[in-house]
Every structure is written in structure tokens, then in C-alpha cells.
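Undergrad: the sequence isn't on hand, but the structure is:
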């Protein structure tokens, strides 16, 4: 039995099913590698010529937190054996580290939200003079809007962390970040999807009332469908809308392309918003990018088929 030339690492089966369907439709021979229960022998060579990493930092919210450190070890192993890994270990580490993401934006001379990292809320007292509220509490290892909250004072933050110790898990590094004032009902945020260094599509996410902006229909379904996300919206009656944004300005695409190139990602997404005082601020980088089929179809193509086509080209190159 021959070994497939493509291996897709995944943890969330329904997120990846549209891609698997697109690969099947194209007749691509691949192995779907579920890392929730896996083992590898360090003595063995890697058979597949292309490894595509589709792991998500949010695995822990589904009870699969052990997959993240395992996946990093596995990606390092694949790369040490000479395999070509798309969205490999360094890309995954960047996705797991919002501090590194902010630092990358800073080093590129881009606008970014002020951010303070901490591992003990009492330590923030030394920075109290520079704090500004309201602010956003978020984890360094994010995903699906988990462990995020708006806080209006240092005391409120202390009470929140005392009441819910799970906010420190699995990565006990938290961030207090500038709340970027904008109009969520009109402009919302913009998510730019990149494939092989080129913009695949842009979309607006409007009507946002919470922090879970995952484009997967599992997390934010279309129509009257019921969602099955492990991080449900705090206000399910105010679901975000995902709208095609074909007229994204050229200067935004240029800035985003520069940032995406610096990440080293093969496939991924960037998010930005325009603040009420006119700042354009990128604030999130995603390597495991859940595509929104309806947005792509509105622009004349199936985004999952585009990714499958890209993977097919990598196999034959």
C-alpha cells in the first residue's frame, strides 16, 4: 500500500471536513492525521512529502489541550527529518503567542494595540499609571474568543480572576490590551484570508457583540442553524454577520501582505479594524484559518477548493 504524498494534521473534524471533501473531489491521495490520539517513533523517517498543519490554539476549549504541545513536537520531528511542512513549527508557535504577534507588528512599524503581559494581577499595580480602561483581557494563547472579557478597572480585573481561576489555563500568561473603539454594527472588523502569500478574499464581520469571531459555520452558523461551538456567544441573539468585502483598499492589502510575508505562514488570516478616530490597527494573526464558503462563493469561487488546488500543486512541485 502506497503512502499518501500529503498528510493533513487536524484536531477538529468538522472544521476540516470541507477541505477533505475538496481533496476527495480532486482525487488527491492524502492522510487525515488526527492528533487527539497519536504517537510517533523518533527513529522512523517521514513518508509524506507534504505536511499541512491545521491545528488550532483553541483545542483546549474542546478538552484537547494535550494536542498543542504534541503537535509542536511532531512538527519539529517532521522538519528535522526533511519533510516540507506547511504552516510548520515556527508558524504554529507564532499563532500560539500573541505577544510575539504584537512584537512583529511593532518591528514592522505598524500600528498595534497597547498591550501589557502579566502572570500575577498584583504586578499590574506597578503599571497603574499607564493603564487605561475599559480594556480587554485576553490570553497569550488565544482561539475562538476564549478567556476574553472587557474590564473597566483594575479592581474589576482582580475580582474576575479571583472568581474564575480557569482564565489562567492552559497558558498562565494573560494580556491586558487596549480596547479599540470602533463601530461593530457598521464597519465591524475585517478579516483577510491569504493563500500562498496572496490575498484569497476579504470579509467584514459586523454585528459583533462578543469575542468569538471564528468564521466556521460550527461556531457562527448561517441562517437559523444551531451552532456547536465549545465557546458559545455570550449573546446568541446577536450573532455576527460575515460579509464579502471585495473593495478592500489597495494600501490595506499592501500592508497586510507585508505582515503576512513576515509571519512565514503558507495559509492564514489577519484581522484589523478602523478605530473611531481613524487608526487602522491589525490585532490578530491566525495560521489555522477557518474559511467561510459563502463569502468565497459570493466572489465566484469555493475557497476550500482553492486550498485543495494549492496543496495539489505543492505535491507535484
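TA: Structure's in. What do you need? Quantities reported herein were computed from a predicted structural model and do not represent experimental measurements.

Undergrad: from residue 55, how far out is the residue lying closest to residue 276 once chain neighbours are set aside?
TA: Nearest non-adjacent residue to residue 276, counting by CB to CB, 6 or more residues apart in numbering: residue 181, 4.6 Å away. Heads up, the C-betas are built off the backbone N, CA and C, glycines and all. From residue 181 across to residue 55, the span is 33 Å (CB to CB, to the nearest Å).

Undergrad: and if you look at residue 267?
TA: Applying CB to CB to residue 267 and residue 55 gives a distance of 13 Å.

Undergrad: list the buried residues of the lowest-mean-pLDDT helix or strand in the chain.
TA: Averaged element by element with mean pLDDT, DSSP states H and E, the chain has its least confident helix or strand at strand 241-244 (a mean of 93). Under the neighbour-count criterion of 16 or more other CB atoms under 10 Å, strand 241-244 has 242-244 buried.

Undergrad: got a list of contacts for the helix or strand that comes right after it?
TA: Per DSSP states H and E, the first helix or strand lying C-terminal to strand 241-244 is helix 250-263. Helix 250-263 is contacted by residues 91, 94, 104-105, 108, 110, 190, 192, 194, 197, 199, 202, 268, 270, 272, 280, 282, 285, 287 when judged by CB atoms under 8 Å, 6 or more residues apart in numbering.

Undergrad: before we move on, what SS does the nearest residue in space to residue 214 that is not next to it in sequence have?
TA: On the basis of CB to CB, 6+ apart, the spatially nearest residue to residue 214 that is not a chain neighbour turns out to be residue 144, at 5.1 Å. Here residue 144 is coil, with the state taken from DSSP: H, G, I helix; E, B strand; the rest coil.

Undergrad: got phi/psi on residue 144?
TA: Dihedral angles of residue 144 (phi, psi; degrees, to the nearest 10) stand at phi 60, psi 20.

Undergrad: start the count at 4 instead of 1 going forward.
TA: In the new count, where the first residue is 4, that last one comes out as residue 147.

Undergrad: and for it, the neighbour number?
TA: 24 (other CB atoms under 10 Å).

Undergrad: cool, residue 258 as well?
TA: 20.

Undergrad: ok, which stretches of the chain are strands?
TA: Under the criterion DSSP state E, the chain contains strands at 9-13, 33-37, 53-56, 87-89, 118-121, 138-142, 152-154, 177-181, 192-198, 201-209, 244-247, 270-277, 283-289.

Undergrad: can you give me the buried ones in the first one?
TA: This means strand 9-13. Of all the residues in strand 9-13, those buried under the rule 16+ other CB under 10 Å are 9-13.

Undergrad: could you do stretch 72-92 as well?
TA: Buried, per 16+ other CB under 10 Å, within stretch 72-92: 73-75, 77-82, 86-92.

Undergrad: relative to residue 21, how far out is the closest residue in space to residue 10 that isn't next to it in sequence?
TA: Distances taken as CB to CB, 6+ apart put residue 51 closest to residue 10, at 4.1 Å, once the chain neighbours are dropped. To residue 21, residue 51 is 21 Å away according to CB to CB.

Undergrad: give me the most central residue, the chain.
TA: Nearest to the geometric centre of the chain sits residue 289, at 3.0 Å (CA atoms, centre = their mean).

Undergrad: quick one: pLDDT of residue 211?
TA: At residue 211, the pLDDT value in this model is 68.

Undergrad: and what of the one 5 residues further on?
TA: What the model reports for residue 216 is a pLDDT of 75.

Undergrad: and it, what is it in contact with?
TA: 148, 192, 194, 208, 223, 243, 274.

Undergrad: redo that, cut-off 10 Å
TA: Counting by CB atoms under 10 Å, 6 or more residues apart in numbering, residue 216 makes contact with 147-148, 191-192, 194, 208, 222-223, 236, 243, 245, 274, 287.

Undergrad: now residue 273
TA: Applying CB under 10 Å, 6+ apart, the residues near residue 273 are 104, 108, 193-197, 202, 205, 255, 258-260, 262-263, 266, 285-289, 292.

Undergrad: and if you look at residue 275?
TA: So residue 275 contacts 113-114, 183, 192-195, 251, 255, 258-259, 262, 282-287 (CB under 10 Å, 6+ apart).

Undergrad: now do it against residue 192, distance only.
TA: 7 Å.

Undergrad: ditto for residue 51
TA: Residue 51 is 36 Å from residue 192, where distance means CB to CB.

Undergrad: show me what counts as buried in stretch 188-208.
TA: Quick answer for stretch 188-208 (16+ other CB under 10 Å): 191-198, 202-208.

Undergrad: how about stretch 129-139?
TA: 138-139.

Undergrad: which residue ranges form the helices in this structure?
TA: Ranges of helices in the chain, per DSSP state H, are 16-29, 70-83, 92-98, 101-110, 157-166, 253-266, 296-301, 306-319.

Undergrad: how far does the first one sit from the chain's center?
TA: Remark: helix 16-29 is offset 19 Å from the chain centroid, using CA atoms, centre = their mean, to the nearest Å.
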